Structure formats: C-alpha cells, structure tokens
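A.B. asks: Here you go, sequence then predicted model.
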Amino acid sequence: MKSARTAGATVKPAAGAARPESRLAMVRRARKINRELAEVFPYAHPELDFRNPFELLVATVLSAQTTDLRVNQTTPALFARYPTPEDLAAAVPEEVEELIRPTGFFRAKTKSIMGLAAALRDDFGGEVPGRLEDLVKLPGVGRKTAFVVLGNAFGVPGITVDTHFMRLARRWRWTGSDDPVKIEAEVAEIFPKSEWTMLSHRVIFHGRRICHARKPACGACPITHLCPSYGEGETDPEKARKLLKYEMGGLPGQRLNPPADYPGRPAPPAPGVAPGAGE
C-alpha cells in the first residue's frame with residue numbers, strides 16, 4: 001500500500017491540472033477506487049443488526065437522524081416484544097414510543113413503523129415485498145431504505161445514497177449533484193449493476209471510518225492517489241491516524257452482532273441491557 005504522504009504528492013498535480021478530467025478517465029478512476037476499497041474493506045457489510053427482512057426494514061427506518069449503533073442497542077427489546085408485522089401493527093403506540101425513544105423522533109418513527117407493519121399485514125400477507133415499487137409505498141420508506149432492504153435481504157442490486165455516499169461521490173467527482181436521486185442515477189452509469197450493493201457498503205464504510213465530513217483523515221487514507229480532494233482534511237499521517245474510527249481506530253464497531261469476518265470488536269449493548277437480550 002502506498003503511504004499517504006507519497007500518495008498525496010501524486011494526486012496534487014491531477015487536482016490542479018489545467019485540462020478537466022475526461023469522462024473515460026473519471027470512470028476508470030472511480031472503478032479503481034471501488035477495487036481498492038474492496039481490498040481495504042473486504043468485510044464491508046450493513047451495519048444494522050437484523051435476522052430477517054422485517055427487522056432490517058424497521059431498523060433502517062429507525063436509523064434516520066441517528067447512528068446505527070443507537071438503533072442496534074434499541075431494536076433487541078423492540079423485536080423481542082414485537083417479532084412480526086402483525087405484532088407491531090397491533091401494538092399500543094405509546095409502548096412502542098417508549099421502546100424506540102433512544103433513536104430520536106420517536107413519535108414520527110412509531111407512526112412509520114406501525115404503519116408499515118400494518119401495510120405488510122394487510123397488503124403483503126405479513127411478508128416484506130422484494131420489489132422497489134412496493135417498498136416505497138410503505139410508510140416511512142424511501143428509495144434509500146428500499147435499496148438497503150433489497151440489496152441486503154433479497155440480493156437485488158441497489159445504490160444506497162446516504163449522507164456518507166453523497167459526500168464521497170462529490171469529493172471523488174463522480175457527480176456534481178446534491179440530489180440523492182440524481183446521484184444514484186449518475187453513479188449507476190459508472191459501475192456494473194452487480195457492484196452496486198457492495199459499492200455502497202464500501203463507500204459508506206470509508207466515509208464513516210476515514211473520509212469524515214468535517215475532518216477527513218487524508219494522511220491515513222489508502223486511496224489518496226485516486227482522490228481529487230486530497231488535502232481537505234488532515235494530511236499529517238500521525239495526526240490523521242488519530243482521526244480514524246471504529247475498527248480502523250482500534251475501537252468497537254456499530255453492530256452488537258457483527259459478521260464473523262468483521263475484524264473489529266462488537267459494540268456494547270445499551271447501558272443496563274444484558275448482552276444477548278432480545279435475541
């Protein structure tokens with residue numbers, strides 16, 4: 001792997017070049033970024049704990065405006081009490097609100113997850129549908145949530161444009177748009193459909209661990225030689241290493257029950273909750 005200092009020296013002339021990068025050159029660079037991220041994060045995965053499509057759907061709705069860790073600490077008790085759409089649809093709203101309160105916006109989220117549970121019960125036989133056009137009709141479910149579920153519960157390729165993906169797609173000059181639907185369409189033209197789901201995981205992993213919003217760890221980034229935005233963050237290798245998060249920084253990840261190949265430590269349960277509660 002090239003050192004960040006050497007890699008940074010490589011990218012600076014490209015970033016300031018007089019001639020703009022051609023479309024072909026951008027596509028080649030983008031695909032190389034994807035290949036190199038696959039080497040950096042071969043274990044990239046959805047960072048929400050789930051055991052079935054229903055749990056993933058509910059967890060993804062709850063993840064809005066909060067961390068996956070907070071959701072993972074909250075859902076064991078929720079799914080222990082309401083394991084099926086039928087159970088959740090028949091719940092007392094105030095009891096659901098209390099269970100999901102830690103995720104924030106708990107009244108609106110309660111309305112969404114109880115509404116989607118009722119729709120699953122009434123319109124889909126209690127099963128999560130495996131089609132985009134059906135998923136986006138459910139309360140609280142947009143394209144981002146739908147693609148998370150399709151890609152990770154049904155194996156249907158999709159690009160998940162969350163805040164991390166948006167930020168990095170713009171930093172890497174894959175798009176100039178700030179509209180999630182436009183970004184999704186433009187990125188989809190760059191990569192084969194078979195890569196869409198794993199590309200999303202890799203980009204989001206990189207955004208959470210290295211290429212942060214406020215202070216990217218440029219000096220500890222393994223793909224600076226491909227990045228036209230090198231230098232927006234900390235370029236000193238030692239200082240940059242201190243900015244790394246989760247397993248890259250020697251800290252626990254976001255999942256309480258991560259995949260077997262995850263190299264980091266599992267996250268702790270919510271304070272006062274015994275490990276394994278609700279499983």
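C.D. replies: Arrived safely, thanks for sending.
A.B. asks: where does the protein dip in pLDDT?
C.D. replies: The chain contains residues with pLDDT under 70 at 1-18, 272-279.
A.B. asks: can you pull the contacts of the most centrally placed residue in it?
C.D. replies: In the chain, the residue lying closest to the centroid (Cα atoms, centre = their mean) is residue 204, at 4.9 Å. Taking Cβ atoms under 8 Å, 6 or more residues apart in numbering, we find residue 204 in contact with 44, 47, 160, 162, 164-165. C-beta here means a position set from N, CA and C on the backbone, and glycine is covered the same way.
A.B. asks: Of these - the most surrounded one?
C.D. replies: Neighbour counts for those peak at residue 160, which has 27 neighbours (criterion: other Cβ atoms under 10 Å).
A.B. asks: mind checking which helix or strand it is in?
C.D. replies: Taking DSSP states H and E as the definition, residue 160 sits outside all helices and strands.
A.B. asks: Next: residue 190.
C.D. replies: Counting by DSSP H and E, residue 190 is found in no helix or strand.
A.B. asks: same question, residue 56
C.D. replies: Going by DSSP H and E, residue 56 is part of helix 53-62.
A.B. asks: Check which helices and strands that helix sits against.
C.D. replies: If you count contacts as 3 or more Cβ pairs under 8 Å, 6 or more residues apart in numbering; DSSP states H and E, helix 53-62 packs onto helix 68-81, helix 106-123, helix 143-153.
A.B. asks: Pipe those into CSV and attach distance to residue 183 per row.
C.D. replies: Output for the helices and strands packed on helix 53-62, formatted as CSV (distance: least, Cβ to Cβ, whole Å):
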stretch, distance to residue 183
helix 68-81, 21
helix 106-123, 24
helix 143-153, 11
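A.B. asks: looking at those, which is closest to residue 35?
C.D. replies: helix 143-153 (19.2 Å; Cβ to Cβ).
A.B. asks: ok and the helix or strand following that closest one relative to helix 143-153, angle-wise?
C.D. replies: Using DSSP H and E, the helix or strand that follows helix 143-153 in sequence is helix 163-171. Calculated by axes from the mean of the first three to the mean of the last three Cα atoms, to 10 degrees, helix 163-171 forms an angle of 100 degrees with helix 143-153.
A.B. asks: Could you tell me how far helix 163-171 lies from the centre of the chain?
C.D. replies: 11 Å (Cα atoms, centre = their mean, to the nearest Å).
A.B. asks: neighbouring contacts of that helix?
C.D. replies: 159, 161, 175-178, 180, 183, 186-187, 200, 203-204, 206-208, 211, 213, 216, 227-229, 232.
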